[in-house]
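J.: show me the folded form of this:
(one chain, ligands or ions: 1)
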Amino acid sequence: MATRRRRKPPLQDAIEYAARGVDKMAELEVEYINSFKGRGVFAKAHFSKGDFVVEYRGQLINHEESVRRRKTYHRACTVFMFDFQWKEKTWCIDATQEDGSFGRLVNDDHKRPNCKMKRIITEAKPHLCLFALRDIQTGEEITYNYGGNDWPWRKQAEEQSCAADPCDTEDPRTAEKMAESPSSSVMQAEEQSCAADPCDTEDPRTAEKMAESPSSCHAVQ
Ligand SMILES: C[S@@+](CC[C@H](N)C(=O)[O-])C[C@H]1O[C@@H](n2cnc3c(N)ncnc32)[C@H](O)[C@@H]1O
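T.: The predicted model follows:
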């Protein structure tokens, strides 16, 4: 009789990947989509609702340092800086470096995202991880809602979908709109809790650390 492999609790899975600093290479791939969206991350395997998908990896820096860096970076790069709350302070994952990691290449979908960004704590450090909001089929693009409402590409995507010619030609307005983009990210991360997924078994280290942090959602505004 065939035995079904027991699914690893998603929080435990995320903690292990975060500790190793690697991505799910067998289950994810990066593809170039078009000149409007750039690259994106796609599922090479099925993900079940609640699964850990990928970490938004980068340098963990404090608020002062993120303010300083934002002044020096090109504005288009600041979209790779993800602010979040931890221990009643604002922190930032700076993923501006092209380091080959997948999380930084996940695109925004504010209408029908298939993942949600959550904060986990392991080894006394916060990590931002994407978890599946629903089952994700092989071939689907991994997306999450960056939050906010004024990301330039959202308006442009609507304009494009109304346009008669949907062909993929470079739009000079993109660069302009990117330059107008907000200088600080308004993406959102909430804490991954075991209650969110009844399949999770509690990691004592994490639970302990999570208890230290505020229990509310971590809206980044
Ligand atoms: C964090 S990066 C994501 C990876 C990016 N696509 C790339 O190739 O480097 C965010 C950038 O991706 C693009 N992007 C993200 N979501 C998008 C969407 N839904 N439609 C169009 N462009 C999007 C925007 O240019 C944005 O500045």
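J.: need phi/psi at residue 11.
T.: The phi and psi torsions at residue 11 (degrees, to the nearest 10) take the values phi -70, psi -40.
J.: burial of the residue in the chain positioned nearest to the ligand, as a residue count?
T.: Closest residue of the chain to the ligand, C-beta to the nearest ligand atom: residue 38 (2.6 Å). Bear in mind the C-beta positions are built from the backbone N, C-alpha and C, glycine included. Neighbours of residue 38 under the rule other C-beta atoms under 10 Å: 12.
J.: for residue 12, same thing?
T.: 16.
J.: from residue 120, how far off is it?
T.: 10 Å (C-beta to C-beta, to the nearest Å).
J.: who's in contact with the residue of the chain closest to the ligand?
T.: 32, 107 (C-beta atoms under 8 Å, 6 or more residues apart in numbering).
J.: can you check residue 126 too?
T.: For residue 126, counting by C-beta under 8 Å, 6+ apart, the contacting residues are 60, 84, 86, 91, 119, 120.
J.: mind listing which of those are in helices?
T.: Among the contacts of residue 126, no member falls in helices (DSSP state H).
J.: before we move on, the earlier item: so what pLDDT did the residue of the chain closest to the ligand get?
T.: What the model reports for residue 38 is a pLDDT of 97.
J.: over to the one 3 residues further on?
T.: What the model reports as pLDDT for residue 41 is 99.
J.: report the contact partners of it.
T.: Residue 41 neighbours (C-beta under 8 Å, 6+ apart): 28, 29, 30, 54, 102, 103, 105, 106, 107, 141, 142.
J.: selection in ChimeraX covering whichever of those residues are buried, please.
T.: Remark: buried members of the contacts of residue 41, expressed as a ChimeraX selection using 16 or more other C-beta atoms under 10 Å:
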select :28,29,54,102,103,105,106,107,141,142
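J.: nearest to residue 155 among the contacts of residue 41?
T.: residue 107 (15.4 Å; C-beta to C-beta).
J.: who touches the residue nearest to the closest one when sequence neighbours are not counted in this structure?
T.: In space, and not counting its chain neighbours, residue 107 is closest to residue 40: 5.0 Å by C-beta to C-beta, 6 or more residues apart in numbering. By C-beta under 8 Å, 6+ apart, residue 40 lies in contact with 30, 31, 33, 105, 106, 107, 141, 142, 143.
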